[in-house]
Structure formats: structure tokens, C-alpha cells
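Engineer: Compute the structure for the input listed below.
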Amino acid sequence: QVRLVESGGGLVQAGGSLRLSCAASGRTFSIYYAMGWFRQAPGKEREFVAALNWAGSRTNYADSVKGRFTISRENAKKMVYLQMNSLKPEDTAVYYCAATPKGVEVLVRNEYDYWGQGTQVTVSS
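Structural biologist: Okay, here's the model as predicted:
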């Protein structure tokens, strides 16, 4: 099937930066899959953060992270990244990588077929 493994989470002070990585593998994974990042804070629903089409040429961001986060991908390595700058305490959450066979960027959680296990990001004030 498809396996997604996130890494790069951790504890950082407000104003700091982190870079999350997502390694994709599996017999059915294709570089033509669109990818996304979501996050879930304690007691809250999982929410959209950023999405990227298969070519990496089109992106979409949640308003709360626009101008601070950047999603990118390296298809040759089957990797997706989320560069997070100017982090705020409200960015604290478990961050999940997701994949969909749809080639275009997808903002809706239910349209993703594959999910990673998540990586914790904690931003201290």
C-alpha cells in the first residue's frame, strides 16, 4: 500500500523554526499523488495546514499559517516537507502528512486516502 512517515517535530521557542519531513513509500505510491499537511491540537479536530499538487507547482495554505509555513516536495526522493517559521504557541499540535491519488492540491481532510502517524510540535511561549 502506501506508507507515510513524518519526522522533524520537537520543542521550540516562539519565533523559532522547524522543518517537518514526510517520507513516502509503498507499492502503490506514485509521485502523481497530491500531498498535504494537517494538524491536531488536544481537544480539537484535525485541521488543514497546507497542500501541494503532484508537481509541486501549486500550493494552498490555511490562513493561520500563510506567510509563515512553506510546503514543498522532492519527487525523486518521495519526500514532502513543511518549513515552519515564526512559530507561535498556537501552532502546537501533532502534525500529520497525508496523500491522495488526486493530482491537484486538496484541502479537505476526508479526501485524503493515506495518513502518517504524526509528529509532535510544541511551541513554548
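
Engineer: Centroid-nearest residue for this protein?
Structural biologist: A centroid search over the chain (Cα atoms, centre = their mean) returns residue 37, at 2.3 Å, as the residue closest to the centre.

Engineer: How about the contacts made by residue 46?
Structural biologist: 38-40, 96, 109 (Cβ atoms under 8 Å, 6 or more residues apart in numbering). Where you see a C-beta, it was placed from the backbone N, CA and C, and this is true even at glycine.

Engineer: What segments of this protein are strands?
Structural biologist: Ranges of strands in the chain, per DSSP state E, are 3-7, 10-13, 18-25, 34-40, 47-52, 59-61, 69-74, 79-84, 93-100, 114-115, 119-124.

Engineer: any chance of these in a markdown table, with mean pLDDT too?
Structural biologist: Formatted as a markdown table, the strands of the chain follow (pLDDT from 0 to 100):
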| stretch | mean pLDDT |
| --- | --- |
| strand 3-7 | 98 |
| strand 10-13 | 98 |
| strand 18-25 | 98 |
| strand 34-40 | 98 |
| strand 47-52 | 97 |
| strand 59-61 | 97 |
| strand 69-74 | 98 |
| strand 79-84 | 98 |
| strand 93-100 | 98 |
| strand 114-115 | 98 |
| strand 119-124 | 98 |
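
Engineer: mind checking how far residue 116 is from residue 86?
Structural biologist: To residue 86, residue 116 is 24 Å away according to Cβ to Cβ, to the nearest Å.
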